[in-house]
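Engineer: Take this sequence and fold it.
(chains A and B)
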2 protein chains.
Amino acid sequence: METVDSTRAFVKNVKRLIVKVGTAVVTRADGRLALGRLGALCEQLQELNSQGYEVILVTSGAVGVGRQRLRYRKLLNSSFLDLQKPQTELDGKACAAVGQNGLMALYDSLFSQLDVTSAQLLVTDNDFRDPDFRRQLNDTVNSLLSLKVIPIFNENDAISTRRAPYEDSSGIFWDNDSLAALLALELKADLLVLLSDVEGLYSGPPRDPDSKLIYTYIKETHERVITFGDKSRVGRGGMTAKVKAAMYAAYAGIPVVITSGFATDNIIKVLHGERIGTLFHCDANKWASIGETDAREMAVAARECSRRLQALSSQERSKILQDIADALEANEKAILAENEADVVAAQQAGYEKSLISRLALNPGKISSLANSVRVLSNMDEPLGRTLKRTEIADGFILDKSSSPLGVVLIIFESRPDALVQIASLAVRSGNGLMLKGGKEAKRSNAILHKVITSAIPVSVGERLIGLVTSREEIPELLKLDDVIDLVIPRGSNKLVSQIKASTKIPVLGHADGICHVYVDKSADMDMAKRITVDAKTDYPAACNAMETLLVHKDLAQNGGLNDLIVELQTKGVSLYGGPKASSLLMIPEARTFRHEYSSLACTVEVVEDVYAAIDHIHQHGSAHTDSIITEDQEVAEVFLHQVDSAAVFHNASTRFSDGFRFGLGAEVGISTGRIHARGPVGVEGLLTTKWLARGSGQIVDGDKSIVYSHKDLTQQG
Amino acid sequence: METVDSTRAFVKNVKRLIVKVGTAVVTRADGRLALGRLGALCEQLQELNSQGYEVILVTSGAVGVGRQRLRYRKLLNSSFLDLQKPQTELDGKACAAVGQNGLMALYDSLFSQLDVTSAQLLVTDNDFRDPDFRRQLNDTVNSLLSLKVIPIFNENDAISTRRAPYEDSSGIFWDNDSLAALLALELKADLLVLLSDVEGLYSGPPRDPDSKLIYTYIKETHERVITFGDKSRVGRGGMTAKVKAAMYAAYAGIPVVITSGFATDNIIKVLHGERIGTLFHCDANKWASIGETDAREMAVAARECSRRLQALSSQERSKILQDIADALEANEKAILAENEADVVAAQQAGYEKSLISRLALNPGKISSLANSVRVLSNMDEPLGRTLKRTEIADGFILDKSSSPLGVVLIIFESRPDALVQIASLAVRSGNGLMLKGGKEAKRSNAILHKVITSAIPVSVGERLIGLVTSREEIPELLKLDDVIDLVIPRGSNKLVSQIKASTKIPVLGHADGICHVYVDKSADMDMAKRITVDAKTDYPAACNAMETLLVHKDLAQNGGLNDLIVELQTKGVSLYGGPKASSLLMIPEARTFRHEYSSLACTVEVVEDVYAAIDHIHQHGSAHTDSIITEDQEVAEVFLHQVDSAAVFHNASTRFSDGFRFGLGAEVGISTGRIHARGPVGVEGLLTTKWLARGSGQIVDGDKSIVYSHKDLTQQG
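Structural biologist: Numbers count the residues shown, from 1 in each chain, chains lettered A, B, ... in the order given. This next block holds a predicted model:
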């Protein structure tokens, strides 16, 4: 995705950045340099450098490299006798002196390959006590950067007078993390990137599957919750040191991102505004976005509330809906005021008229919404219906009973009235709900959500219905396949396809609506004209609009096809032909049959007969809705039974494929999937079943002691 | 996964390997060296070197590097006037001479960092015409390898007398791909790895989403089908050259893998026997595995056949089942002979007795299977049932009708009789089928599949039921979410979990079966004993066996708990306690409540009351089957309605949760999912619905001209 995450908007203003790379990234487990990661780091810095960024590198790793080299040297220098003696630990400063050489030589040769010049700057804590040094450092670095040289900083461990370099956390800086933060301030960087061996800061130990990556650190929320991971394998920093350094720089106004240095392009991704790693930003606590770990918590709470809702009586659930209806009417003024604010904002933002008209709650809309909620409150109880009753054995009755799905996530677009309908349906059907509305309707959704949840009794809990306010939360929600049972996207095909591609949760929806009308040779041609015009023009952008008109070949001979074409063209429909129709009718050829115009345009093709029409539909259709126009009952039945689509019609417009027109009451969506629900889906889309058996002590015991009767006792009607 | 893919078994014998890295891997789009990839390459070669592999590198890239350097040099040397003149192309040999330097310097410094010594060997085609050279080359390389030095080969482009180095494909070798293949033969390598900029060889252009990666190249199958990709951006090789070189080495007995050099660990993965890249092996055409691209083709064929099967009448579908039953009986001898061969093989392989008993088709089994197929043939027609009928408007009737799902993939374990049952159910319900059986029953499955499909009429097509024979095909099948509608794994929990985790196709199954029995204070204690013993001991490994016994606290006081415990212990059940029960009963503490013993063991815990039992079940259960034992009807109803599991029982053993015992006829599986089907699932698990509307010219027309009646006309019974 191209768009910059809203929490990462600061990247637009980044010119100077500091990248700090830790020992755990620079070296491998065996102490040798991690060449692949270093190479990829240099490639990224070169790319940024060539794009005009001012890049400063702070690197660790010299001590580790030096220790590795000195061990090897010591071995070569040792006599057999030497090796019998207990081995003393190598001096840290000696290691640093040797390692610094090797590390810088490698950076030099890597950057040279990329035509980049790098420079070495070794500093100690003491240096920073001198104000002249600080001034001069700025001048030196500015000169280097103006020449497009990449300065590489490291603590000058070999000459540092720090007593215990691995434990001492005093001084102006005390490790490369704090050096990087200090330099960020001194050199007025716009961004500090700390590369780590994990993806960022987690809510618990990174290896624990329950730990979640924190995308935006908010001190108030995360400080107490988080158990930091252990220190790095080799470096002295670890996550605690990184967070401390990050907080220091962030509070001084410099955004910091902790991300993995194991990937080959994370710095580039950070600068593209992608939501990776953990961001520290001085304004983060003011941002409205909910915390990421809260998405799961919201869904779990919704499930718990839904179980309490299910435990209520049917009357109690009805009562909640009545209370919601009353609350909507009682808060009409406040709701309309917020909605008006959304509408004004949308107008100022220059949104399309059609969007604004969907957004606006017209006068009278609140009371009509309240009334529709009251209709739902009087709806036949959908829960606990006995769909099947079987006597398993004498005194042992099995019921298959309707029950709620659990927690449903609904992603809907601008209409705020959809929130009311969906929330009421969820209450009626005993489900928990996670709602994500369009950002244009933000204020309307917020107040409607507040009004509705305030009418939910404490015994159930207002967290039954969660409102997700930030688009960034969607990917988090889509990961929760263990707590969310179904996702229903109500929006563009693109939205549905994207969601289907990015979740393991079942999705109820339709990505494509390539609907066909087939006009048979025996069709009543007046009816054919009326239906094709309706199917295409009643609402061309609808998923159930006709996209392809198939016509029996005989009608191409007797003028029937021509009449149809003229009728469509008169209504302003642009026509594109398949190979046969385009040459016959002299119309432009369609590029592909699998195309949804969603506008006043459609494809026409001539087919041999009903069987050819069926084959065409199977090959090019989307199994949504297809219709045949014919007076021949036998042909009609062939079409009805053989077309493998969610809805198949005879002598009727495809536009009838709709929950309201089907008489399903509230429409939950239209599904082109085959699992769970298919075609227009009413409240049953929010239900599943449950088996209840009432026995009198029956045991299986190898099926020896029971006589199965398996009598169907289902009450009809 | 740890296991070596069966097609990659040769890796066990690899000692000497040649890795060839092409220009597209070594250099970036801008002509500079790809440092990250080169670093990762060196790290991998060092790791293999240290593990005792003899590693030889063939590298490209010098010409590209040299061109980049010379362009820069030329620019520096040019006067302003020079730059006005048309620029001549740089000499290829000069580029090679300059670039070779830079490339080798980099390899040297990278390998040095890893304490590895490398050596440069520049060769020309001419050299190989000299037999002395060939002998001496072997000696030189062997000496280097014995010293653990990595030889790096490249064509000596700077002094090559080849006329058109980028077009000329004559000679003993003509590019680095053919050089690598030649060296593989000369130096008697055990494996050749060609690193490319794509994952391997595709069935079409790699960027086309319809192209599939070919895991094993089979000349007969793939030669004509494949459109090779374009040549690489920079190198002279391209995929055609790689395939040619790979075929040359493979036919000479050296396995070749073409894989991506963009990943950081593909060479290591190849040597671990993972199924990545494209393998060329001289015996590949003899391997029994179906081609990978065939998995999709099989599924598409099954869908097409299923549509023809649906178009048949109910009687015709019944007839097919009768023919299948007859065919089974007519081929009894052959089937039993193949089954006997499987049984003998399993015995020789030392399989467990229980597996062998599931595998064996006992005398009389074939006729009992044939009879069960005849029962299905007389089953009420499951297709085209009108589940709901609505009058939408006058003369406009809408039916919701049962219809087949489409194509179902069933993965089952050793029982060959399952194949017969599943295949018959598929035919009865109009579905296409993909079957994957256990390898122990390979011969039995093959003959049963042959006998069954031979009874399917040509008008439908025997590809209605596909038999997948190799385990490696499962990942391929699980990717086909556009042609397979449902996966039903019938095997261990582990199998089900693995499949759920690795596909976007809906899965019908249950991973966990953590079933509870709650004994209330008001229970009839004799009944409680009988039911808990049955629930645990009737078949302890079943998913519907009791894993946790919850007991009301009052029973801990009055001796009831003790009686239950003694009864279970008498039957040989090992008991583990929750925090309360373990101290009360002096039994070992269970590590977690979420544990499926699948053996004669169970967890016991004491709870406050029915509500605490329900909370416990929600928190620790798997929503499979839970039972309450109580004489208090009110408490029973609370439990039945509030426990959110697929099956909830009162005064009956959890073992009743089963398709046969529920009277569903054939059992398709037991689902702990909430979508599509829940609990024990019969033939309805293979069905979906379809909406059929029969009108008389109705159009929507903004809903102006139609009067909706929405009358329910559903016929009951």
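
Engineer: Need the pLDDT of residue A:524.
Structural biologist: pLDDT for residue A:524: 97.

Engineer: Find the residue closest to it in space, skipping its chain neighbours.
Structural biologist: residue A:631 (5.7 Å; Cβ to Cβ, 6 or more residues apart in numbering or on different chains). Heads up, the C-betas are built off the backbone N, CA and C, glycines and all.

Engineer: got the residues of the stretch 551-700 of chain A near chain B?
Structural biologist: A:618, A:636, A:640-642, A:644-653, A:655-657, A:661-663, A:674-676, A:678-680, A:688-700 (Cβ under 8 Å from any Cβ of the partner chain).

Engineer: now with 6 Å?
Structural biologist: Residues of the stretch 551-700 of chain A found near chain B (Cβ under 6 Å from any Cβ of the partner chain) are A:640, A:642, A:647-653, A:655, A:663, A:674-676, A:678-679, A:688-689, A:691-700.

Engineer: Report the buried members of the residues you listed.
Structural biologist: Buried residues within these, counting neighbours by 16 or more other Cβ atoms under 10 Å in any protein chain shown: A:640, A:642, A:647-653, A:655, A:663, A:674-676, A:678-679, A:688-689, A:691-695, A:697-700.

Engineer: From the centroid of chain A, which residue is nearest?
Structural biologist: Centroid-nearest residue in chain A: residue A:475, 2.2 Å away (criterion: Cα atoms, centre = their mean).

Engineer: That one and chain B, how far apart?
Structural biologist: Counting by Cβ to the nearest Cβ, to the nearest Å, the gap from residue A:475 to chain B is 16 Å.

Engineer: Now that residue: which helix or strand?
Structural biologist: Residue A:475 is part of helix A:473-478 when elements are defined by DSSP states H and E.

Engineer: Just want the phi and psi numbers for the closest residue to residue A:93 other than its chain neighbours.
Structural biologist: Computed as Cβ to Cβ, 6+ apart, the closest residue to residue A:93 that is not its neighbour in sequence is residue A:158, at 5.0 Å. Note on residue A:158: its backbone torsions stand at phi -60, psi -30 [degrees, to the nearest 10].

Engineer: Was I right to think residue A:158 contacts residue A:96?
Structural biologist: Yes: using Cβ atoms under 6 Å, residue A:158 is in contact with residue A:96, at 4.4 Å.

Engineer: And chain A, split by domain according to the record?
Structural biologist: As recorded under automatic domain parsing, the domains making up chain A are A:6-85+A:92-286, A:306-380+A:402-469+A:684-694, A:515-657.

Engineer: Ok, which of the ones you listed comes nearest residue B:398?
Structural biologist: domain A:515-657 (8.3 Å; Cβ to Cβ).

Engineer: distance between the ends of that closest one?
Structural biologist: 10 Å (Cα to Cα, to the nearest Å).

Engineer: Could you pull out the strands in the stretch 51-200 of chain A for me?
Structural biologist: Per DSSP state E, counting those that start in this stretch, the stretch 51-200 of chain A carries strands over the ranges A:54-59, A:118-123, A:150-155, A:191-196.

Engineer: could these be laid out in CSV, adding mean neighbour count, mean pLDDT and distance to residue A:219?
Structural biologist: Formatted as CSV, those follow (neighbours: other Cβ atoms under 10 Å in any protein chain shown; pLDDT from 0 to 100; distance: least, Cβ to Cβ, whole Å):
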stretch, mean neighbour count, mean pLDDT, distance to residue A:219
strand A:54-59, 24, 96, 24
strand A:118-123, 18, 90, 29
strand A:150-155, 22, 93, 27
strand A:191-196, 27, 95, 17
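
Engineer: need those strands in CSV with distance to chain B, can you?
Structural biologist: As requested, the strands of the stretch 51-200 of chain A are arranged in CSV below (distance: least, Cβ to the nearest Cβ, whole Å):
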stretch, distance to chain B
strand A:54-59, 15
strand A:118-123, 13
strand A:150-155, 14
strand A:191-196, 14
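
Engineer: neighbours around the residue nearest to residue A:93, how many?
Structural biologist: Neighbours of residue A:158 under the rule other Cβ atoms under 10 Å in any protein chain shown: 20.

Engineer: for it, what are its contacts?
Structural biologist: Residue A:158 makes contacts with A:93, A:96-97, as judged by Cβ atoms under 6 Å, 6 or more residues apart in numbering or on different chains.

Engineer: Ok, residue A:502 next?
Structural biologist: Residues in contact with residue A:502 (Cβ under 6 Å, 6+ apart) are residue A:478.

Engineer: Return the distance of it relative to chain B.
Structural biologist: For residue A:502, the distance to chain B equals 10 Å [Cβ to the nearest Cβ].
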